[in-house]
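>>> Make a model of this:
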Amino acid sequence: QVQLVESGGGLVQAGGSLRLSCAASGRAFSTYIMGWLRQAPGKEREFVATTSWSGGTTYYADSVKGRFTISRDNAKNTVYLQMNSLKPEDTAVYYCAAARFGNIRGPAYDYWGQGTQVTVSS
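Below is the predicted model of the structure:
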């Protein structure tokens, strides 16, 4: 069992930056594919970024490529999402998730956090 707790969300102006963190409890964090997904009001949840168990391989949605960076610190059981050049369309609840198996491009997530709100004002 893995519990995930996100933090770092908030209100920021367009062009600004935020860094989200996701702290994991439980065993074997370093063996999980970790991902960030988001859900805007009235829209379906969408993929943002994933990282392999080592952090050596990452994958991004086209909409955030070049602006967001996913990273992880296995010693701290934490995954991060650095978000730069934020746009109003990035406004959403951001969730981190963990997958035991699967491909980095589309893992089947086993565990989810509760989400953290990111609001980007224009």
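>>> Can you name the residues bridging to the one residue sitting closest to the centre of the chain?
Geometric centre of the chain, nearest residue: Trp36, 2.3 Å, by Cα atoms, centre = their mean. Beta-bridge partners of Trp36, counted by DSSP bridges, are Ala49, Cys96.
>>> so who does it touch?
Counting by Cβ atoms under 8 Å, 6 or more residues apart in numbering, Trp36 touches Leu20, Cys22, Val48, Ala49, Thr50, Ile70, Val79, Leu81, Tyr94, Tyr95, Cys96, Ala97. In this view, the C-beta of every residue, glycine as well, is placed from N, C-alpha and C.
>>> Quick check: the first one touching Asp90?
No. The criterion here is Cβ atoms under 8 Å, and Leu20 misses it with Asp90 at 11.4 Å.
>>> shared neighbours of these two, anything?
Common contacts of Leu20 and Asp90, defined by Cβ under 8 Å, 6+ apart, comprise Met83, Val118.
>>> mind listing the strands for this structure?
3-7, 10-13, 18-25, 33-39, 46-51, 58-60, 68-73, 78-83, 92-99, 111-112, 116-121 (DSSP state E).
>>> I'd like to know which of those strands lies nearest to Arg105.
Of all these, it is strand 58-60 that lies closest to Arg105, at 5.6 Å by Cβ to Cβ.
>>> what is the mean pLDDT for the closest one?
The average of the pLDDT scores along strand 58-60 is 97.
>>> who are the neighbours of it, in terms of helices and strands?
Judged by 3 or more Cβ pairs under 8 Å, 6 or more residues apart in numbering; DSSP states H and E, strand 58-60 is in contact with strand 46-51, strand 68-73.
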